[in-house]
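A.B. asks: Kindly generate the corresponding structure for this input.
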Amino acid sequence: MSQTPAPSANPEIQPYFEALRDGKLLIKTCTHCRQPHFYPRAGCPFCFSDATEWLESRGTGTIYAYSVLRAAKDLPVLAYVTLDEGPTLMTSIVDSPASALSNGAAVRLVVRPDADGTLAPMFTLI
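C.D. replies: Below you'll find the model as predicted:
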């Protein structure tokens, strides 16, 4: 089974990975239309401006939707989490029993290594 390669070093997203090492999640915000967005990229997906800046997320949000792979043991739950700042991201729910999960449940950021060892934003129930 092949693994997805880790993101290559890229000056455009380097602050994102540096923040994850410090346990923080950075998202981008457009300075033109003021819309926050995720995944990190230079151009705004709403107004197409290239005037964006980094914003530190509070690291809290709610579960929009989730899927429990019951046949797989010890795997995190795949989920979409809507951050309090607005963007929704695909992530994993960890350190929380699947039976306690529900759409709309409050979650907080935890940074963990992904399957390939790359740090990734994941969430746990509050």
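A.B. asks: Show me where this structure has its strands.
C.D. replies: 26-30, 36-37, 52-56, 60-67, 77-83, 88-93, 106-113, 119-125 (DSSP state E).
A.B. asks: Columns distance to Leu20, mean neighbour count and mean pLDDT on top of these, output as TSV?
C.D. replies: (Each C-beta comes from the backbone N, C-alpha and C, glycine too.) TSV is the format used below for the strands of the chain (distance: least, CB to CB, whole Å; neighbours: other CB atoms under 10 Å; pLDDT from 0 to 100):
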stretch	distance to Leu20	mean neighbour count	mean pLDDT
strand 26-30	8	21	96
strand 36-37	17	18	96
strand 52-56	12	13	96
strand 60-67	16	17	97
strand 77-83	15	19	96
strand 88-93	12	18	95
strand 106-113	5	16	96
strand 119-125	4	20	96
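A.B. asks: mind putting those in a markdown table, distance to Ile13 included?
C.D. replies: Shown next, in a markdown table, are these (distance: least, CB to CB, whole Å):
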| stretch | distance to Ile13 |
| --- | --- |
| strand 26-30 | 9 |
| strand 36-37 | 13 |
| strand 52-56 | 10 |
| strand 60-67 | 21 |
| strand 77-83 | 18 |
| strand 88-93 | 14 |
| strand 106-113 | 15 |
| strand 119-125 | 12 |
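A.B. asks: Make sure Phe38 is actually in contact with Leu26.
C.D. replies: No. Counting by CB atoms under 8 Å, Phe38 sits too far from Leu26 to count as a contact (9.2 Å).
A.B. asks: can you give me how far stretch 64-84 is from the chain middle?
C.D. replies: 12 Å (CA atoms, centre = their mean, to the nearest Å).
A.B. asks: what's the span of that stretch from first residue to last?
C.D. replies: Distance across stretch 64-84, first residue to last, is 12 Å (CA to CA, to the nearest Å).
A.B. asks: do the same with stretch 70-80
C.D. replies: End-to-end distance for stretch 70-80: 18 Å, by CA to CA.
A.B. asks: Fine, thanks again, bye for now.
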